[in-house]
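**Q** Return atomic coordinates for the entry below.
(one chain, ligands or ions: 2)
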Amino acid sequence: MADAQTPTDPAPYDALLLLSFGGPEGPEDVVPFLENVTRGRGIPKERLAEVGQHYFRFGGVSPINEQNRALLSALRKDFADHGLGLPVYWGNRNWAPYLVDALREIADDGHRRVAVLATSAYAGYSGCRQYRENLADALAVLAEEGRPVLTVDKLRHFYNHPGFVQPMIETTLAALAELPAGLRDRAELAFTTHSIPTAMAESSGSPDDPARGTPGGAYVAQHLEMAHLVAEAVAGATGVADRPWQLVYQSRSGAPHIPWLDPDICDHLTERQEAGAAAVVMVPIGFVSDHMEVKYDLDTEAVARAAELGLPVARAATVGADPRFAAAVRELLLERAATERGVPVARCALGRLGAGHDVCPAACCPNPRAPRPAAAQA
Ligand SMILES: CC1=C(CCC(=O)O)c2cc3nc(cc4[nH]c(cc5[nH]c(cc1n2)c(C)c5CCC(=O)O)c(CCC(=O)O)c4C)C(CCC(=O)O)=C3C
Ligand SMILES: [Fe+2]
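**A** Numbering: from 1, shown residues only. Ligands and ions are numbered 1, 2, ... in the order given. Model (predicted):
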């Protein structure tokens, strides 16, 4: 059974595609990038102008592309170190290098069966189905061009994989250590993720997920699980068993009359300061790298609110290109490859919820507007 436990054969896959959000790389990119992100999504003009300013403040450059280049290098190094000859490609939803160009290159290089790692750890329309719609759109372009048919399989959600959880436990401990010694044991944890419309949260996950249809759906249930895993490990490492923690939200968008998940991190900081909190560590479990939502919404906006309040804060780093995360991607790929070959395999996951599904059911994480073709589903 040793082979079943530690698979090393990537067949039937002949390429890995890193699929991400994309971001502007100069001031002239900002407006067209925002147009790509928000096309047909009913985001108020004022919100767009405001978000544009976040990017202009950083010279019009989002850190996300550089972070994906670093992850790409980490993946290639990890594959090479493990004798895995699989090529790794990269394509984005909203900015160059675009997904359709990456898939075209994959096809032209002679590959046909592609494993896809989306840089989104949790269930939900934005992080799951929308990427699969993007894959379907890109495959349709390739078909129109008369290129050979590719099969794309999206790797499962990785929020409870040890290669994602363990680095965040350590960065949370490192952020606690940045606080003055006398505050550390009393510091609270605020786990943050992207706010989404409450209706989108409620319908997140697969129809047979016990959290589906509950307020928050699988999106919130999975974040609570991740937060719990980190909080528990931090309690063990610091010996503080009763440290308060809460899941809160950031980066709210959309029209004000539509309900989104709350509380917002800034309101939460205000509330905790009024309640007498000594300090707060912000832990952005919703994100894979320290991109603009982290650099602006947490490091700029929330840090400014904390300063106004006189509340000491620190922020934990996201996993980024941590070698353990790169190794987790390899493990997920080899796990799925074994499953596709019909070979029994261990499905690594921490906590109570277990490993998520490999193939999304057709009704998983529905499009909140209108149904559209999506790839990589039953
Ligand atoms: C769940 C989720 C994640 C986490 C999972 C994942 O990572 O996938 C995420 C990540 C990201 N979101 C990002 C940027 C933006 N998101 C926007 C708008 C929206 N996000 C949404 C959800 C999510 N977003 C939603 C429901 C909207 C409303 C419009 C719509 O229904 O689509 C807007 C429009 C302007 C505004 O903020 O209103 C921008 C610019 C960046 C890039 C950062 C950079 O440049 O470094 C990243 C990684
Ligand atoms: Fe977003």
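
**Q** so where's the chain uncertain?
**A** Scanning the chain for pLDDT under 70 picks out the ranges 1-6.

**Q** Would you mind listing what in it touches ligand 1?
**A** 21, 23, 34, 37-38, 41, 43, 47, 51, 62-64, 119-120, 124, 126-127, 194, 196, 251, 253-254, 286-287, 291-293 (Cβ under 6 Å from any ligand atom). Glycine gets a C-beta too; all of them are placed from N, C-alpha and C.

**Q** and those residues, which are buried?
**A** 21, 23, 34, 37-38, 43, 47, 51, 62-64, 119-120, 124, 126-127, 194, 196, 251, 253-254, 286-287, 291-293 (16 or more other Cβ atoms under 10 Å).

**Q** Could you list which of those residues belong to helices?
**A** Per DSSP state H, helices hold the following members of those: 34, 37-38, 47, 51, 64, 292.

**Q** ranges for the helices of the stretch 1-150 of the chain?
**A** Secondary structure of the stretch 1-150 of the chain (DSSP state H, counting those that start in this stretch): helices located at 2-5, 27-38, 45-57, 64-81, 99-108, 130-144.

**Q** I'd like to know which elements the last one is packed against.
**A** In terms of contacts (3 or more Cβ pairs under 8 Å, 6 or more residues apart in numbering; DSSP states H and E), helix 130-144 is packed against strand 15-20, helix 99-108, strand 113-118, strand 151-154.

**Q** Which residues are in contact with the closest residue to Phe191 other than its chain neighbours?
**A** Using Cβ to Cβ, 6 or more residues apart in numbering and skipping residues adjacent in sequence, the residue nearest Phe191 is Ala227, 4.0 Å away. The neighbourhood of Ala227, defined by Cβ atoms under 8 Å, 6 or more residues apart in numbering, consists of 189, 191, 245, 247, 283, 285.

**Q** Tell me the bridge partners for the fourth one.
**A** This points to Leu247. Beta-bridge pairing for Leu247 (DSSP bridges): Phe191.

**Q** Tell me how many other residues crowd it.
**A** Using other Cβ atoms under 10 Å, Leu247 has 22 neighbouring residues.

**Q** That one contacts Ala221, correct?
**A** No - taking contacts as Cβ atoms under 8 Å, Leu247 lies outside contact range of Ala221: 10.4 Å.

**Q** one step back: most neighbours per residue, which of the helices and strands packed on helix 130-144?
**A** strand 15-20 (a mean of 26; mean count of other Cβ atoms under 10 Å).

**Q** Pairing partners for it, with directions?
**A** According to DSSP bridges, strand 15-20 forms sheet pairs with strand 88-92 (parallel), strand 113-118 (parallel).

**Q** need the contact list for Tyr249.
**A** 192-195, 260-265.

**Q** again, 7 Å this time
**A** For Tyr249, the contact set (Cβ atoms under 7 Å, 6 or more residues apart in numbering) comprises 192-193, 195, 261-265.

**Q** from the residues you listed, which is closest to Leu155?
**A** Thr193 (20.0 Å; Cβ to Cβ).

**Q** OK, contacts around that closest one?
**A** Contact partners of Thr193, counting by Cβ under 7 Å, 6+ apart, are 223, 249, 285-286.

**Q** Quick check: which element contains Ala227?
**A** Ala227 belongs to helix 217-238 when assigned by DSSP states H and E.

**Q** ok, and for that helix, which residues are buried?
**A** Neighbour-count burial for helix 217-238, counted by 16+ other Cβ under 10 Å, picks out 217-227, 229-231, 233-234, 238.

**Q** before we move on, what about stretch 45-53?
**A** 47-48, 51-52.

**Q** I'd say Glu202 and Ala218 touch.
**A** No - counting by Cβ atoms under 7 Å, Glu202 stays clear of Ala218, with 9.5 Å between them.

**Q** Widest-spaced pair of the ones in helices among the buried ones among the residues of the chain next to ligand 1?
**A** Arg47 and Ile64 (19.3 Å).

**Q** Isn't Gln273 up against Leu309?
**A** Yes - counting by Cβ under 7 Å, Gln273 does reach Leu309; the two are 4.3 Å apart.

**Q** Identify the residue nearest Ser62 in space, chain neighbours excluded?
**A** Ser62 sits nearest to Gly23 (Cβ to Cβ, 6+ apart), 2.7 Å away.

**Q** That neighbour contacts Trp95, doesn't it?
**A** Yes - with contact defined as Cβ under 7 Å, Gly23 and Trp95 form a contacting pair (5.9 Å).

**Q** can you redo the strands paired with strand 15-20 as a markdown table with distance to Leu176?
**A** A markdown table is the format used below for those (distance: least, Cβ to Cβ, whole Å):
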| stretch | distance to Leu176 |
| --- | --- |
| strand 88-92 | 34 |
| strand 113-118 | 30 |
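
**Q** Can you get me a residue count around Asn92?
**A** Count around Asn92 with other Cβ under 10 Å applied: 23.

**Q** In contact with it, which residues are there?
**A** 20-22, 98-99.

**Q** how near is the one residue sitting closest to the centre of the chain to Pro180?
**A** Nearest to the geometric centre of the chain sits Ser120, at 2.6 Å (Cα atoms, centre = their mean). As judged by Cβ to Cβ, to the nearest Å, Ser120 and Pro180 stand 35 Å apart.

**Q** repeat for Glu50
**A** Distance, Glu50 to Pro180, using Cβ to Cβ: 34 Å.

**Q** Check Phe56 too.
**A** Look at Phe56 and Pro180: by Cβ to Cβ, they are 34 Å apart.

**Q** Neighbour count: these two, which is higher?
**A** The neighbour count for Phe56 versus Pro180, taken as other Cβ under 10 Å, is higher for Phe56 (13 against 10).
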